[in-house]
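Asks: got a predicted model here, sequence first, then my questions.
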Amino acid sequence: MSDGADSIDPLALAQALIRCRSVTPLDDGALDILQAQLEALGFVVKRYPFGEVDNLYARIGTGVPNFCFAGHTDVVPTGNPDDWRDDPFGATVRDGVLWGRGAADMKGAIAAFIAAAQRHLSHNPLYGSISLLITGDEEGEGINGTKRVLKALAEEGETITHCLVGEPSNPKALGDEIKNGRRGSLNGIITIKGQQGHVAYPERAQNPIPPLITMINRLYARLLDDGVPGFQPSNLEVTSIDVDNPAHNIIPAAASARFNIRFNVAHTGAQLCDWIEEEARAAEREHTCAVLLDLKVMGEAFLTPPGPFTTLLQKAVEDVTGRHPALTTGGGTSDARFIKDYAPVAEFGLTGASMHKANEHVPVSDIHQLSEIYERVLVLYFKEYEVAKRPIVHG
């Protein structure tokens with residue numbers, strides 16, 4: 001356990017992580033930095049490499065409850081370097097702002113939590129356990145990261161009691177929102193195989209575009225829902241229609257469309273896939289053609305119901321910022337979609353307005369304040385267990 005002699009500066013740690021060019025699936029030393037820092041605090045650290053991806057799980061203590069912080073050190077590509085005012089991996093501080101890829105999403109939050117854990121361990125007896133699950137595959141396909149580590153941990157008998165993910169949950173200001181759930185995501189590709197031919201002789205060809213239009217219209221015709229408690233309405237968006245035909249006088253041989261459905265807990269991925277399959281068969285009957293589908297459920301919708309756990313998180317945020325964060329489920333997906341199968345989970349981190357953009361940045365003051373919030377979470381969490389002698393449950 002840390003003796004508190006050398007307090008961790010979350011800004012300096014965030015800068016060290018940003019300087020690692022850890023674009024998915026590369027690590028570039030980011031996990032080595034975390035491992036050295038955590039082992040110095042007394043954490044037992046284990047690495048979980050899967051394929052090209054390296055991951056880390058660290059735990060201090062052996063008792064329950066086990067409060068886990070989850071995050072990722074991988075980042076999205078920087079795009080055109082000319083769009084950046086500073087080196088994307090330079091971790092420049094200018095005018096009280098930290099600039100660099102991963103500052104908001106989410107190396108700043110990882111640094112803030114480790115600094116918070118160090119302070120908590122320095123001033124409080126260790127009751128239960130504190131752990132960190134850090135992946136290098138959150139911004140990628142999510143195959144060799146959190147999902148596989150959780151499975152491996154479960155096989156080893158490791159149990160997580162509650163989990164807080166450090167994703168940038170706040171849209172404008174620190175303290176705006178806590179994510180206590182996420183919509184599910186389904187990616188789909190529709191492909192219609194026709195027969196190429198001259199437009200002047202349509203009887204000698206089979207145009208794939210009309211059945212594709214029919215299929216798209218069938219999908220758009222259904223109102224999925226009007227929203228359910230805790231969630232906005234589900235929505236389907238066609239994101240691309242591709243024919244690859246530069247000529248005016250040729251009927252194309254194939255046509256395809258890509259779409260995504262963001263769905264709430266009124267649906268499961270399997271139910272939506274069954275519905276899409278039904279619509280495809282109907283389009284086939286109408287046009288006497290083959291409709292090919294490629295459907296992938298990227299994550300199921302889930303909700304951690306408002307209760308003692310979410311109330312504790314809200315109190316910690318309010319104690320530090322003076323703001324009472326709303327519980328929301330909007331936005332994209334995160335690794336919480338995997339964690340929810342193992343433990344109650346919520347998300348709270350920095351502001352996300354600049355994430356995935358050129359000139360990603362976060363105020364230095366927010367990193368320090370987030371660290372204070374995380375420390376307050378740990379104090380309230382373990383106090384609840386120690387004093388009440390009962391587990392915090394959600395629901």
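Replies: Great, that's in hand.
Asks: isn't residue 16 up against residue 36?
Replies: No - using C-beta atoms under 8 Å, residue 16 is not in contact with residue 36, being 10.3 Å away. No exception for glycine: its C-beta is placed from N, CA and C like everyone else's.
Asks: ok, these two, which is more surrounded?
Replies: Using other C-beta atoms under 10 Å as the criterion, residue 16 and residue 36 rank with residue 16 on top: 17 against 10.
Asks: leaving out the residues flanking it, which one is nearest to the more buried one?
Replies: residue 33 (5.4 Å; C-beta to C-beta, 6 or more residues apart in numbering).
Asks: am I right that the one you found sits in a strand?
Replies: No - assessed with DSSP: H, G, I helix; E, B strand; the rest coil, residue 33 is helix; it does not lie in a strand.
Asks: for the stretch 51-200 of the chain, give me the ranges with low pLDDT.
Replies: Along the stretch 51-200 of the chain, the model assigns pLDDT under 70 to no residue.
Asks: ranges for the strands of it?
Replies: 56-60, 66-72, 92-94, 97-99, 129-135, 162-165, 177-179, 181-182, 184-193, 197-198 (DSSP state E, counting those that start in this stretch).
Asks: now do the helices in the protein.
Replies: Taking DSSP state H, the helices of the chain run over residues 10-18, 30-40, 108-123, 146-155, 209-221, 269-287, 308-321, 336-339, 364-388.
Asks: using PDB, write out the CA atom coordinates for stretch 136-153.
Replies: The C-alpha trace of stretch 136-153 is given here as PDB (Å, rounded to 0.1, in the frame of the first residue of the first chain):
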ATOM      1  CA  GLY A 136      -5.900  -1.800 -25.800                       C
ATOM      2  CA  ASP A 137      -8.900  -2.700 -28.100                       C
ATOM      3  CA  GLU A 138     -11.800  -0.400 -27.100                       C
ATOM      4  CA  GLU A 139     -11.400   1.800 -30.200                       C
ATOM      5  CA  GLY A 140     -11.100  -1.300 -32.500                       C
ATOM      6  CA  GLU A 141     -13.300  -4.300 -33.000                       C
ATOM      7  CA  GLY A 142     -13.400  -5.100 -29.200                       C
ATOM      8  CA  ILE A 143     -12.600  -8.700 -29.900                       C
ATOM      9  CA  ASN A 144      -9.300  -9.100 -28.000                       C
ATOM     10  CA  GLY A 145      -9.800  -6.600 -25.200                       C
ATOM     11  CA  THR A 146     -12.300  -6.300 -22.400                       C
ATOM     12  CA  LYS A 147     -14.500  -9.100 -23.500                       C
ATOM     13  CA  ARG A 148     -11.800 -11.700 -23.500                       C
ATOM     14  CA  VAL A 149     -10.100 -10.400 -20.400                       C
ATOM     15  CA  LEU A 150     -13.400 -10.700 -18.500                       C
ATOM     16  CA  LYS A 151     -13.900 -14.200 -19.600                       C
ATOM     17  CA  ALA A 152     -10.300 -15.100 -18.600                       C
ATOM     18  CA  LEU A 153     -10.800 -13.400 -15.200                       C
END
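Asks: what residues does it touch?
Replies: For stretch 136-153, contacts defined as C-beta atoms under 8 Å, 6 or more residues apart in numbering pick out 22, 24-27, 30-31, 48, 50-55, 57, 70-76, 133, 135, 160, 298, 334-335, 338-339, 341-342.
Asks: follow-up on the earlier one: reformat the strands of the stretch 51-200 of the chain as CSV; add mean neighbour count and distance to residue 278.
Replies: Shown next, in CSV, are these (neighbours: other C-beta atoms under 10 Å; distance: least, C-beta to C-beta, whole Å):
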stretch, mean neighbour count, distance to residue 278
strand 56-60, 23, 42
strand 66-72, 26, 37
strand 92-94, 15, 54
strand 97-99, 21, 50
strand 129-135, 26, 37
strand 162-165, 26, 36
strand 177-179, 23, 33
strand 181-182, 26, 26
strand 184-193, 20, 14
strand 197-198, 14, 30
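Asks: go ahead and confirm residue 99 touches residue 78.
Replies: No - in this structure residue 99 lies outside contact range of residue 78 using C-beta under 8 Å: 11.9 Å.
Asks: that older thread, out of the helices of the chain, the one nearest residue 257 is which?
Replies: Set against residue 257 and scored by C-beta to C-beta, these come closest in helix 209-221, at 5.9 Å.
Asks: how about the strands of the stretch 51-200 of the chain, which one is nearest residue 230?
Replies: Once these are compared by C-beta to C-beta, strand 181-182 is nearest, at 6.1 Å.
Asks: chain center to the closest one: distance?
Replies: The chain centre lies 10 Å from the centre of strand 181-182; the measure is C-alpha atoms, centre = their mean, to the nearest Å.
Asks: could you list the residues in contact with that strand?
Replies: Strand 181-182 is contacted from outside by 230-231, 265, 299, 301-304, 329, 331-334, 336-337, using C-beta under 8 Å, 6+ apart.
Asks: at 10 Å what do you get?
Replies: When contacts are defined by C-beta atoms under 10 Å, 6 or more residues apart in numbering, strand 181-182 is touched by residues 167, 230-231, 262, 264-265, 299-305, 327-334, 336-337, 340, 345-347.
Asks: pLDDT score for residue 330?
Replies: pLDDT, residue 330: 88.
Asks: from what I can see it touches residue 176, true?
Replies: No - the criterion here is C-beta atoms under 10 Å, and residue 330 misses it with residue 176 at 11.6 Å.
Asks: common neighbours of those two, please.
Replies: residue 169.
Asks: give me the more crowded residue out of these two.
Replies: Neighbours were counted for residue 330 and for residue 176 using other C-beta under 10 Å; residue 176 has more, 19 against 14.
Asks: can you tell me how far that one sits from residue 319?
Replies: Counting by C-beta to C-beta, to the nearest Å, the gap from residue 176 to residue 319 is 16 Å.
Asks: then residue 285?
Replies: From residue 285 over to residue 319 the distance is 61 Å, taken as C-beta to C-beta.
Asks: please apply the same query to residue 339.
Replies: From residue 339 to residue 319 the distance is 25 Å (C-beta to C-beta).
Asks: for residue 62, same thing?
Replies: 29 Å.
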